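# Coordinates only, no sequence provided:
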């Protein structure tokens, strides 16, 4: 997928020139009214903004200050493309957060090279960020990713006074599976189980991660215990019916035990997200200790 650029300039001729230079390599958006730039950037979330400085109503220096002050836009890199060529103007642009500065009249090659350079930096940062929150074996989110997400959803549920459901899944007798069939086949089992779990997560807001070892976690915003139990049962069934093909061609199956906690966080009480996790974990251990391959809900055990 192509990276995207928002071109902001009140002169149509400048916009058309930049479109001609960049259209083959990027998805382009344009905005001619400077004071609309912020709303347009929030809505489109471009990868890069090419921003003119001399515009009526709101100039580029005012616009970048607005963009840098908002969490939704502060990480979008901005290159000034302007006729202002004093060193003091360039220094001001960089001090406000611009990543580069292109003078008008601009060279097509200079524009291409500088834009390409910023896109390489942006894509490398994103790749590093993705690797830092991804479990290398299963390809789903890791514990670090999930802890951040769970804290965010906890605060959202607290503000909106909505139910938040959290479940921890543990692969039953996984040590025995590893000891019997070897760690390579154990890794294959975890990969297949991760896919099975993900196949039952249908809402964009619901997230799955590898919690650690043979444990997985699922977060379900705006979901009560009844809804969470339905999802958990679908997951349990999907895992149980998943074929795990070993390196010798034989097919094995695994099961999971699941602990669930559903809760509406309150702004006033002292119950924390750590308490929330601990109680889901207690439900999991109850499921493990009472037969495995089953679901237990905290508050119902």
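Now that the structure is in, tell me what you want to look at. This is a predicted model, so every value here is computed, not measured.

# Are there helices or strands packed against whatever helix or strand residue 159 lives in, and which ones?
Per DSSP states H and E: residue 159 is located in helix 143-160. Applying 3 or more Cβ pairs under 8 Å, 6 or more residues apart in numbering; DSSP states H and E, we find helix 143-160 packed against strand 164-171, strand 207-212, strand 215-221, helix 273-289. In short, each C-beta sits where N, CA and C put it, glycine included.

# Let's see the pLDDT reported for the residue lying closest to residue 53 once chain neighbours are set aside.
Leaving aside its chain neighbours, residue 53 sits nearest to residue 60 (3.5 Å; criterion: Cβ to Cβ, 6 or more residues apart in numbering). We note a pLDDT of 94 for residue 60 in this prediction.

# What values do phi and psi take at residue 60?
Main-chain dihedrals, residue 60, degrees, to the nearest 10: phi -60, psi -30.

# what number of residues lie near it?
By other Cβ atoms under 10 Å, 26 other residues sit near residue 60.

# One more: residue 100?
So residue 100, with other Cβ under 10 Å, has 17 neighbours.

# beta partners for the residue lying closest to it once chain neighbours are set aside?
Of all residues not flanking residue 100 in the chain, residue 79 sits nearest, at 4.4 Å (Cβ to Cβ, 6+ apart). In this entry, residue 79 is beta-bridged to residue 50, residue 100, by DSSP bridges.

# Verify the stated contact: residue 79 with residue 97.
No. The pair residue 79 / residue 97 is not scored as a contact, 11.2 Å apart, by Cβ atoms under 8 Å.

# Who has more neighbours out of the two?
Using other Cβ under 10 Å, the more surrounded residue of residue 79 and residue 97 is residue 79, with 21 against 15.

# what about this structure, any weak spots by pLDDT?
Across the chain, the ranges flagged by pLDDT under 70 are 267-268.

# Name the single longest helix found in it.
helix 108-132 (DSSP state H).

# Report all helices and strands that that one contacts.
helix 12-22, strand 48-51, strand 78-82, strand 100-103.

# Just to check, residue 15 is in contact with residue 33?
No. Using Cβ under 8 Å as the test, residue 15 is too far from residue 33 to be in contact (12.0 Å).

# more crowded one of those two?
Neighbour count, other Cβ under 10 Å: between residue 15 and residue 33, residue 15 has more, with 19 against 14.
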